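1. Could you work out the structure for the sequence below:
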Amino acid sequence: MAHRAVRMEVADFQDTFFPLPEGITTDQHPQWPADVFNGLAAGGKLTEQDIQARFVTAVNDNDLMPGLKMSTSSDKPDVTDMGAFKQKPDAAVFKADSVPTDGRPHWSDQLVTVEFKRSYPSQDPFDDRKDDGFDSDAETRKEVRGQLIDYSELVFRVQHRTALLMILVINRNVRVLRWDRSGTVVTRAFDYVDQPQVLCEILWRMSLLSDEQLGMDTSATRLHPGDTDYNLMDFLASESPNDIASEEHVLEPDERRRKDPVFTHVRQKFREAVDPKWPRYRVEVPDGDGVRTFLIGGPLFYAHGMACRGTKGYVAWDTKAMRFAWLKDAWRLDYERMDSEGVILSKLNANGVMNVPTLVCHGDIRDQKTRTPDIWESQQPVRPVSPTQTATSLSPSPTLVDPSPSASSSTSLKRTLFDVEADETCDGEEEYTLRRHAHYRIVVEEVAKPLCEFLSGQHLVSVIMDCVEAHRDAVTKANVVHRDVSGGNILILPKVVHDEADGSVSVTWKGLLTDWELSKPIHEAEPLLRPRQPPRTGTWQFLSVGMLTENPKTVEIPDELESYLHVLLYFSVRYLNSDCQDPAEFIESYFDSYTLQGGLYTCGARKMHVIQTAGKLEVRKGVPLTFASPMDYIFRTLLPLFKAHYKVQDYLKSKDATSNSSSRNIRPMPSSTPRPSSAAPGARRSAGGIAALKALAAGKLVLPAPDDDTPTPEEKKCAALLETHDFVLGVLANAYDLDSEELKWGCDKVGDRVPDDYKPRVPLAPPRGASARTMKRRRTTGTADAPDRFSSLPLRLTQSHVPKAS
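-> So this is what the prediction gives:
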């Protein structure tokens, strides 16, 4: 479901989210002046700044939120400038004893975000007149909605939150919003000048809410300068003589003797995380029957968007084991029979699967779950089944937003780069209901490096090979398929390796296959009724052609092997020397494009052509794409196998379709029905005229024979090579070890070939009048320290370029 906004009547919203504490009744509220907001009666005749100033003054001077204060911040961004953001919300609500006076947002301390607009309804992002589509489609109103999403996303990123309350004042009208990771619940707009008691009661009730009811994650304890743990984090961020360089090298004798060494990249990332611009926390993670605590600063990775898993990654200090670890905080999909990532990793570890993370602890956090789906489902004519039931469709009732696109023809399109719907649907799927999410944390031992830090083409192949081996182990030893092989889930892990042959000890960079949360048992079919999770899971840019054209489809080994090939191609084109003169355009057209077919997103034309039709890489028609290295051997060898694989699959599907159609019982036409004319409507020409024209081609026309789609024995043999990992691993190993006159490895990594200022060559905006959500696939954006720019994947550590989409 694209917009994920649910309207709620004011009284229902108040009773649901602002319950009065035990022992307090409504008639115990303070006495509010009837004219408390009369200074705003002029409405649209006032400037936005006047509305803001008069509203904040009315709230504070009349103590409408006892114990809390509202502070303006529309003129200055936060002095800490969280990441690359310079957002300036108009105002926010703070604790009365810590209200800022410098006119800055202070994202770390906001309790409730407040935004002001002058024009109603043109700047109202929601439309109360619509019952079947609450979100407004007008461009100006969508821009306001996007602004609110940005604010809420930033608060969730900086703080540890389960929900965020927001007040939206538009002229004389006001709405109250509640954001969580499933969507937004929004009150109907009302005139607070004419109905001051309604707004006063809302504000009063807000002031009585506990931190938990305000949306704070109570499993995360804020640390402040002077606290013991705060000072400990400063100490841990400092360089230590026991640290070992993360670069590949043979350890010197003194390095081998160091006690409890830490890799320098781990210490460096922790140092970045405790930058003063980020708040620090002690967070809880379930550990068996108990709880383990970790110290964290700012996230080194965060997923963009609001209505999504909202994954954040941290280098954390384990206060029990007294060592660094990687902590992932996410809102996992909450459906029956879905194993959490920790359960899957525990199984992989127990079965000796190589090159996967080592589980430390994990678990759901204090039964914290999103509430928006419950509100939405309660309003539907036919209530969808709960997550514990199984037999129903994923979209059993009408949605708030019409999901059908404006165009139904099959048209090759590019994704729009900026629009509101991107952030509202950060998973990038066609959704017709709200996803349920549960708050979850998992900790693993390994703190890895992003794949973009590979050293050379040969090293890239080595890392990919390690992860294909991990995938093979998972399938053969644990019966698990990953289902999200992508550039963000293949990492580089510096490891200390002992060489038994010569006794040396060295730091070696190995591949690590991470993020197993979407995995499930191999050969488990995608159900046609309610799924364990919404279909087509994975990262769009790296999904196989089969996964992008069939929905639902069971993920099979050939699909996963194809995803590895796409990862290899992406990083090769982007970072290695090649004869591709415009890597940005190639990546845009191959990885980010898509096709609309019958209102559904399907595979882009270029990827489909390379994999299904051509079986080879081309910069443009007739011009091969080459790397002048053994990388060419890999693509020349593997691409024809995938072409053969799809020919075999298409043949099998066509046979099934023919068999099914021939077995249908077609009712014969009644004998009394007049025999139709042999001529189609509009096809009326004289027989003599047609004969004269046919004579012009007499003896010259040779009709081509019908295409024979039957795969040859050789093609069947090639396709069969993708049924296991073995042949692909063999090809990668041969390429890694290849050193011939024609193809040899060298220093082929030339840096990021996609310029920082890259802009798509073809405008990506949707046609005027079309809903933007029908025109795009999710492009993922930046990390903690990087501004948004061209890229296509989620890399989990901060880096100099921008990655995807989770």
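2. longest single helix anywhere in the chain?
-> For the chain, the longest helix by residue count, based on DSSP state H, is helix 630-662.
3. now it: how far from the chain's centre is it?
-> Centroid separation between helix 630-662 and its chain, computed with C-alpha atoms, centre = their mean, to the nearest Å, is 30 Å.
4. Give me the residue ranges of the protein where confidence is low.
-> 1-3, 74-86, 130-137, 382-432, 523-536, 551, 659-683, 701-706, 761-806 (pLDDT under 70).
5. Which residues belonging to the longest helix of the chain are considered buried?
-> The neighbour-count check on helix 630-662 (16 or more other C-beta atoms under 10 Å) flags 630-649, 651 as buried. Glycine gets a C-beta too; all of them are placed from N, C-alpha and C.
6. Tell me the helices and strands packed up against it.
-> helix 457-478, helix 545-549, helix 557-575, helix 713-720, helix 726-736 (3 or more C-beta pairs under 8 Å, 6 or more residues apart in numbering; DSSP states H and E).
7. now for the last one, which elements pack on it?
-> With contacts defined as 3+ C-beta pairs under 8 Å, 6+ apart, the packing partners of helix 726-736 are helix 457-478, helix 630-662.
8. Please state the offset of the helix or strand just after the shortest one from the chain centre?
-> Heading C-terminal from helix 457-478, the first helix or strand you meet, by DSSP states H and E, is strand 480-481. Using C-alpha atoms, centre = their mean, the mean C-alpha position of strand 480-481 is found 21 Å from that of the whole chain.
9. For the following helix or strand past strand 480-481, buried residues please.
-> Using DSSP H and E, the helix or strand that follows strand 480-481 in sequence is strand 490-498. By neighbour count on 16+ other C-beta under 10 Å, the buried set for strand 490-498 is 490, 491, 492, 493, 494.
10. Which residues are in contact with the first one?
-> Contacts for residue 490 (C-beta atoms under 8 Å, 6 or more residues apart in numbering) come out as 451, 463, 464, 467, 511, 512, 513, 514, 567.
11. ok, now which ones touch the fourth one?
-> In other words, residue 467. Neighbouring residues of residue 467 by C-beta under 8 Å, 6+ apart: 355, 485, 490, 511, 512, 513, 564.
12. neighbour-wise, which of those residues leads?
-> When neighbours are counted by other C-beta atoms under 10 Å, residue 490 leads these with 32 neighbours.
13. where's it relative to residue 560, distance?
-> Distance from residue 490 to residue 560, counting by C-beta to C-beta, to the nearest Å: 12 Å.
14. just residue 649 next, same as before
-> Note on residue 649: its distance to residue 560, by C-beta to C-beta, is 15 Å.
15. cool, and residue 554?
-> Taking C-beta to C-beta, one finds residue 554 at 12 Å from residue 560.
16. So the two - more neighbours on which side?
-> Set residue 554 next to residue 560 and count neighbours by other C-beta under 10 Å: residue 560 wins out with 27 against 17.
17. In this protein, which residue sits furthest out from the middle?
-> Seen from the C-alpha centroid of the chain, the residue lying at the greatest distance (C-alpha atoms, centre = their mean) is residue 688, 65.4 Å away.
18. host element of that one?
-> helix 687-695.
19. Can you give me the first-to-last residue distance of stretch 17-27?
-> 19 Å (C-alpha to C-alpha, to the nearest Å).
20. Show me the contact partners of that stretch.
-> 165, 178, 185, 201, 202, 205, 206, 208, 209, 213.
21. please redo it, this time with the cut-off set to 7 Å
-> Contacts of stretch 17-27 with the rest of the structure, by C-beta atoms under 7 Å, 6 or more residues apart in numbering, involve 178, 202, 205, 206, 208, 209.
22. buried ones in it?
-> Here stretch 17-27 shows 17, 18, 20 as buried, counting by 16+ other C-beta under 10 Å.
23. same thing with stretch 587-598?
-> Under the neighbour-count rule (16+ other C-beta under 10 Å), stretch 587-598 has 587, 588, 589, 590, 591, 592, 593, 594, 595, 596 buried.
24. contacting residues around the third one?
-> Under the criterion of C-beta under 7 Å, 6+ apart, the neighbours of residue 589 are residue 606.
25. phi, psi of it?
-> phi -80, psi -30 (degrees, to the nearest 10).
26. And it, how far from residue 194?
-> 55 Å.
27. I figured residue 68 hits residue 208, correct?
-> No. Look at residue 68 against residue 208 with C-beta atoms under 7 Å: they stay out of range, at 10.0 Å.
28. measure stretch 232-242 end to end?
-> First-to-last distance for stretch 232-242 - C-alpha to C-alpha - comes to 17 Å.
29. The chain should start at 528 in everything you say after this.
-> Taking 528 as the first residue, the last one we looked at is stretch 759-769.
30. buried sites along that stretch?
-> For stretch 759-769, using 16+ other C-beta under 10 Å, the buried residues are 760, 763, 764.
31. surely the last one meets residue 797?
-> Yes. In this structure, residue 764 is within contact of residue 797 by C-beta under 7 Å, at 5.6 Å.
32. hmm, back to that, of all the buried residues of stretch 544-554, which comes closest to residue 1000?
-> Closest approach to residue 1000 among those (C-beta to C-beta): residue 544, at 47.2 Å.
33. Quick check: residue 656 vs residue 715, distance?
-> Going from residue 656 to residue 715 by C-beta to C-beta gives 11 Å.
34. higher neighbour count, the two?
-> Per other C-beta under 10 Å, whichever of residue 656 and residue 715 has more neighbours is residue 715, with 17 against 7.
35. what number of residues lie near residue 677?
-> 17.
36. For it, pull up the helix or strand it's in.
-> Going by DSSP H and E, residue 677 is part of helix 666-685.
37. So which elements touch that helix?
-> Applying 3 or more C-beta pairs under 7 Å, 6 or more residues apart in numbering; DSSP states H and E, we find helix 666-685 packed against strand 639-644, strand 691-697, helix 947-951.
38. mind listing what's buried in it?
-> Using 16+ other C-beta under 10 Å as the test for burial, helix 666-685 gives 668-669, 671-685.
39. related to what we said a few turns ago, tell me which of the buried residues of stretch 544-554 fall in helices.
-> Going by DSSP H, the helices hold residue 544 from the buried residues of stretch 544-554.
40. Going by distance to residue 850, which of the buried residues of stretch 544-554 wins?
-> residue 544 (40.8 Å).
41. and that closest one, how far is that from residue 594?
-> 18 Å.
42. picking up where we left off before, could you check which of residue 595 and residue 735 has the larger neighbour count?
-> Comparing residue 595 with residue 735 by other C-beta under 10 Å, the one with more neighbours is residue 595, at 21 against 16.
43. returning to what we had before: including distance to residue 565 and mean neighbour count, could the helices and strands packed on helix 666-685 go into a markdown table?
-> Converted to a markdown table, these look like this (distance: least, C-beta to C-beta, whole Å; neighbours: other C-beta atoms under 10 Å):
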| stretch | distance to residue 565 | mean neighbour count |
| --- | --- | --- |
| strand 639-644 | 17 | 24 |
| strand 691-697 | 15 | 24 |
| helix 947-951 | 35 | 24 |
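44. Quick one: the ones you listed as TSV, columns for distance to residue 1245 too.
-> Converted to TSV, the helices and strands packed on helix 666-685 look like this (distance: least, C-beta to C-beta, whole Å):
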stretch	distance to residue 1245
strand 639-644	57
strand 691-697	53
helix 947-951	39
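45. Minimum distance to residue 843: which of the ones you listed has it?
-> Smallest distance to residue 843 across the helices and strands packed on helix 666-685 (C-beta to C-beta): 23.8 Å, for strand 691-697.
46. okay, the angle between that closest one and strand 639-644?
-> Comparing the axes of strand 691-697 and strand 639-644 via axes from the mean of the first three to the mean of the last three C-alpha atoms, to 10 degrees yields an angle of 20 degrees.
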